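1. One predicted model, sequence on top.
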Amino acid sequence: MARLTKADVLKKAEDLKNWGKWGPDDELGVLNYVTPEDIVNAAKLVRKGKVFRLGLNLDENGPQRGLFGGCWNPLHQMLATGTDAMAGKHDVTPGLRYADDAINLPTQAATQWDALSHVFLGDKMWNGYPASLVDSRGAHKNGIEKLANKMVGRGVLLDVARHKGVDCLDDGYPITVADLDGTAHMQGVEVRRADFVIIRTGQMEDRLRKGEWGGYAGGPAPGLAFETLDWIHGRQIAGICSDTWGIEVRPNDTEPDVFQPWHWVTIPAIGIVHGEIFYLEELAADCAADRVYEFFFCAPPLVITRGTGSPINPQAIK
């Protein structure tokens, strides 16, 4: 099959573009599909009271190796310690023995949301806003803070790796629409409008088992094929997430002038947020055990004013 050209990608973006669907001032994209009734129904999925954290540890052992965007792993620095306290350094000022600390990290270093200001389509971003509205002060439109109370609803895990009978899909494996539908059918779960769909490839678990990230954050990966864009658009889902760094398959089957073509369409044209670098091992094991692949999903971003992304610790509650 011929490699995708820039013209192919731009045509697909035009075909699936949702700009103006929710008015000229919209900054939520397909999160508009989620209604209060959807959230109430999602809450009814809590039956066991079992909570699964989907966030990767925030520490220096994270996946970043500077392969893409110059990201670094979180830096944790102590500002005040128990040893300081025992040495009497706090006794006069402030007169309270305590510990305190700080972290320094890119917003997309670990488990995170991409905001709708994260990727541009030419010189535009979601809903046709000019890319110039993201400047040195941040995203003046489509900032992550606009989603602060929106990332909640029905979550669905599509465990493609388990469906394929492998611990981890091979790097470069393109997950097709047939794979998504086949996984849902095997699991006995239906993907519906307003769902947050989470794709498991097994790649993160493979790297954690090996104790070596390698090219995880920027290199080859299994992921969604370009053809899944029509599936995402047609199903009217609210969010798409994965246990890989970029959700789509790498390397891209494109001409050299196109990098991450699936991103060109999902975020700026369709208006769907990405949840990336999700930790899924414990949730996937429980879903396989009780055969329940739907759950209450809650993953609020930090309220970072004008942010183009945010670290998160998503919760799947069954």
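-> Here it is on my side, so go on.

2. what's the pLDDT at the closest residue to residue 18 other than its chain neighbours?
-> Closest residue to residue 18 apart from its sequence neighbours, by Cβ to Cβ, 6 or more residues apart in numbering: residue 271 at 4.9 Å. All C-beta atoms are positioned from the backbone trio N, CA, C, and that covers glycine. Looking at residue 271, its pLDDT is 98.

3. ranges for the helices of the stretch 1-150 of the chain?
-> 6-16, 36-43, 82-86 (DSSP state H, counting those that start in this stretch).

4. ok, residue 312 touching residue 109?
-> No. Contact criterion Cβ atoms under 8 Å: residue 312 and residue 109 do not qualify, at 11.7 Å.

5. just checking, the residue nearest to residue 18 touches residue 29?
-> Yes. The criterion here is Cβ under 8 Å, and residue 271 meets it with residue 29 at 2.6 Å.

6. which one of the two has more residues nearby?
-> It is residue 29, of residue 271 and residue 29, that has more neighbours when counted by other Cβ atoms under 10 Å, with 29 against 26.

7. tell me the pLDDT at the more buried one?
-> Reading off the model, residue 29 has pLDDT 98.

8. That one is in contact with residue 17, isn't it?
-> No. With contact defined as Cβ under 8 Å, residue 29 does not reach residue 17; the gap is 11.2 Å.

9. thinking again about what came up before, return every residue with contacts to both of residue 271 and residue 29.
-> 18, 116, 126, 127 (Cβ atoms under 8 Å, 6 or more residues apart in numbering).

10. Now compare the residues you listed and name the two farthest from each other.
-> With Cβ to Cβ as the measure, no two of the shared contacts of residue 271 and residue 29 lie farther apart than 18 and 116, at 10.9 Å.

11. Walk me through the domains of the chain.
-> Per automatic domain parsing, the structural domains of the chain span 6-69+106-317, 74-105.

12. just these: most buried one?
-> Stretch with highest mean neighbour count among these: domain 6-69+106-317 (a mean of 19; mean count of other Cβ atoms under 10 Å).

13. can you give me the end-to-end distance of that one?
-> 41 Å (Cα to Cα, to the nearest Å).

14. before we move on, what about stretch 240-251?
-> Stretch 240-251: ends 19 Å apart by Cα to Cα.

15. Show the contacting residues for residue 75.
-> Residue 75 makes contact with 60, 103, 104, 105 under the criterion Cβ under 8 Å, 6+ apart.

16. can you do 6 Å?
-> residue 104 (Cβ atoms under 6 Å, 6 or more residues apart in numbering).

17. what's the distance between it and residue 152?
-> Residue 75 is 30 Å from residue 152, where distance means Cβ to Cβ, to the nearest Å.
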